[in-house]
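Enquirer: Just need the structure, nothing else, for what follows:
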Amino acid sequence: MGNITSFEDLEAWKACRELRLFVLKKILPKLPKEERFELVRQIRSAARSSTANIAEGYGRFHHLDNAKFCSNSRGSCWEILDHLISANDDEYIAEELVAEGRELVNHAVKLLNGYMNYLKKAATTQKVQEPQDIVYLPDY
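Expert: Next up, the predicted model:
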């Protein structure tokens, strides 16, 4: 898997970031102002959640907790695709943008599935060690 020192090193996070940026730069500008409190808010939230859940899971230092947050991220990816389909149904975006988004979603989900499989196997074969640079302060 390479040297992973941060959630930013994870290929799954990078793919979800690419999906989030796609939503931000190519989808949101095409949506009408009257959708800003509905579809815009929902799709932006799902896009942010796709990367945020990976980051939060990574910070748990527990394989199965991490996998659960990655599962949430995967759900957010599928939610983004549903919002893209809805935006196309409402004639806000073209089918080509849905197809581009579908490819990004499928790629992110594939990487998330692989990472989750790794985490689940690691949970049964090794113990997670906390980073050595954490300083524990005494309780007062």
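Enquirer: How about the lengthiest helix in the chain, which residues are buried there?
Expert: Determined from DSSP state H, the single longest helix within the chain is helix 95-125. Within helix 95-125, the residues scored as buried using 16 or more other CB atoms under 10 Å are 97-98, 100-101, 104-105, 107-109, 111-112, 115-116, 118-119, 122-123. Glycine gets a C-beta too; all of them are placed from N, C-alpha and C.
Enquirer: Now do the helices in this protein.
Expert: Ranges of helices within the chain are 11-22, 39-58, 63-89, 95-125, based on DSSP H.
Enquirer: quick one, which of those helices is nearest to residue 2?
Expert: Nearest to residue 2, of all these, is helix 11-22, at 8.8 Å by CB to CB.
Enquirer: How far away from the center of its chain is the closest one?
Expert: Distance of helix 11-22 from its chain centroid, counting by CA atoms, centre = their mean, to the nearest Å, is 7 Å.
Enquirer: Over to stretch 107-125?
Expert: Relative to the centre of its chain, stretch 107-125 is centred 14 Å away, using CA atoms, centre = their mean.
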